[in-house]
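Peer 1: Here is my input; please provide its structure:
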Amino acid sequence: MRAIAVDAMMAVIRADLAALGIEHEVFSSERALSMRVGDAPSRIEAAIAMLAAKGLLYRGLLEPPKGKLPEDWEPREQTLFRATAFGDDVDRPILKSDGSYAYLTPDIAYHHDKFQRGFHDMIVVVGADHAGYVRRLKADNQARLDVKLCQLVRLFRGGEPVKMSKRAGDFITVRELVEEVGRDPVRFMMVFRKNDAPLDFDFDKVKEQSKDNPVFYVQYAHARTASIFRQAEIEMPHLDKRPEALAGAPLERLDDAGETALIRRICEFPRVIESAAEAHEPHRVAFYLYELASELHGHWNRGKELPQLRFINQDDSESTLARLALVLAIKLVLSSGLAILGVGAPEEMR
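Peer 2: Below you'll find the model as predicted:
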C-alpha cells in the first residue's frame, strides 16, 4: 500500500509541476539511499564511512535542549558528527542510540552521492524555517554549495488573506492557483521578488490589466512592440521592415533623451543575465524586464503629447526606420527575457 500511495502522490506532483511548465529530470528516493546492491554498502553507509575515515565521527552524549527540559529527556550515547568544527552551534547526531539514522544522515549521503557523480556545483532550496540547517549542509561539503532560503507565499483575495488550515483540510493547491489565474502570472510572480522575501500573491491583482500587475505590464510591452510593427505596415507599407534591413537603419536619428535611455537599458541585458546566473537570482531578470517595460510605456505616452516622438512618422522615413530598429531590439530583449523565465510573450493582448 505504501508503494501504491507514493506512486500516486508522485504522479500528482509531476502533473502539478507540468501545469507550471516545470520538468524534473531526476527524482531521488531517500529510501534508495539506504538500499544495498549486492555486497556493496548502501550510499548512506558509504557516506558514514567517509566521515569516519576523516575523523569527523565520535560516540558521545548530546547536551539537553536549551530552555525547558522535556520530561522524557534521557541522555543517550549516539554517533555524533563534529559539526562544531565547521561553525555549527553543536555537534549533530548521525546514528541514534538505537542505531537508526538521524534526520541529517540521508541528506549527507544524498549530497555525497551527487558529488561522487560529478556534480560539484549545487543549489539547495529549503524553507526559511530551515535557516539553522545551512551550516550543517555546508559542513565538510567539498562541493560549491549555494543554499537558497525561500519564504512562504501568502495568498490574498480582494486584499484579504486567504485562510488555510491543513488540519481542517482547507487549503489551495498549486494546481488550483494555475487553473484560476494561468501559468504565466504564477511563474512570473514567483520570481518577481528575492527568494528570501515573503510573497503576497493577490488573486485579483494578477488579473488586473494595470501597472500594478507586473506580468501583464511586461507582456503588454511585448504586445505593444508587435502592434507598432503591424501599424507601420498599414501606414508605411513601402518601408523594408525586415530585421536585416533595420540593421542598417540610421540610428543617429535616435537623439531624444527617452530613446537614448531605452538604448542604455537594452545594453544592460547581457550583464543582467550574467549576474543573475552567477548569483542564482532569477528575480534580477524579472525586475529588469519590468523596468524596460516601464520605460517603453513611458516613452509611448510621451509620443501622445509630442507627435515628433512617435514611432511612426509618415513624413520621415529615416526616423521611422531608426525607431522601428529600436522597437525590434526591445521586442527581442523582452521575448528573450520572458523565455528565460518560462513566461509567454504574446503578440497581442485583448
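Peer 1: for the residue sitting furthest away from the middle of the chain, helix, strand, or coil?
Peer 2: Relative to the centre of the chain, the most outlying C-alpha is that of Asp315, 46.5 Å out, by C-alpha atoms, centre = their mean. Three-state call for Asp315 (DSSP: H, G, I helix; E, B strand; the rest coil): coil.
Peer 1: Which residues are in contact with the closest residue to Asp170 other than its chain neighbours?
Peer 2: Spatial nearest neighbour of Asp170, chain neighbours left out: Met164 (5.7 Å); criterion: C-beta to C-beta, 6 or more residues apart in numbering. In short, each C-beta sits where N, CA and C put it, glycine included. Met164 is in contact with 155, 170-172, counting by C-beta atoms under 8 Å, 6 or more residues apart in numbering.
Peer 1: Could you rerun that using 7 Å?
Peer 2: By C-beta atoms under 7 Å, 6 or more residues apart in numbering, the contact list for Met164 reads 170-172.
Peer 1: and if you look at Phe192?
Peer 2: Here Phe192 is in contact with 214, 283, 286 (C-beta under 7 Å, 6+ apart).
Peer 1: Test for you: state the pLDDT assigned to it.
Peer 2: We have a pLDDT of 93 for Phe192.
Peer 1: That one and Glu179, how far apart?
Peer 2: 20 Å (C-beta to C-beta, to the nearest Å).
Peer 1: same check, this time on Gly87
Peer 2: Between Gly87 and Glu179 the distance, using C-beta to C-beta, works out to 45 Å.
Peer 1: and if you look at Met50?
Peer 2: Using C-beta to C-beta, one obtains 46 Å as the distance from Met50 to Glu179.
Peer 1: And this protein, what are its domain boundaries?
Peer 2: Following automatic domain parsing, the chain resolves into domains at 34-64+74-150, 153-186+193-203, 214-340.
Peer 1: And the ones you listed: which comes nearest Met1?
Peer 2: Of all these, domain 34-64+74-150 sits nearest to Met1, with 19.5 Å by C-beta to C-beta.
Peer 1: Just give me how far that closest one sits from the chain centre.
Peer 2: When distances are taken as C-alpha atoms, centre = their mean, to the nearest Å, domain 34-64+74-150 is centred 26 Å away from the chain's centroid.
Peer 1: Would you work out how far apart the start and end of it are?
Peer 2: Domain 34-64+74-150 has an end-to-end distance of 28 Å (criterion: C-alpha to C-alpha, to the nearest Å).
Peer 1: Same check on stretch 312-320?
Peer 2: Separation of the first and last residues of stretch 312-320 by C-alpha to C-alpha is 5 Å.
Peer 1: which residues touch that stretch?
Peer 2: With C-beta under 7 Å, 6+ apart, stretch 312-320 has contacts from 231-232, 235-236, 239, 250, 253.
Peer 1: Apply 10 Å and report the result again.
Peer 2: The contact list for stretch 312-320, computed with C-beta atoms under 10 Å, 6 or more residues apart in numbering, reads 228-229, 231-236, 238-239, 241, 249-250, 252-256, 303, 307-311, 322-324, 327.
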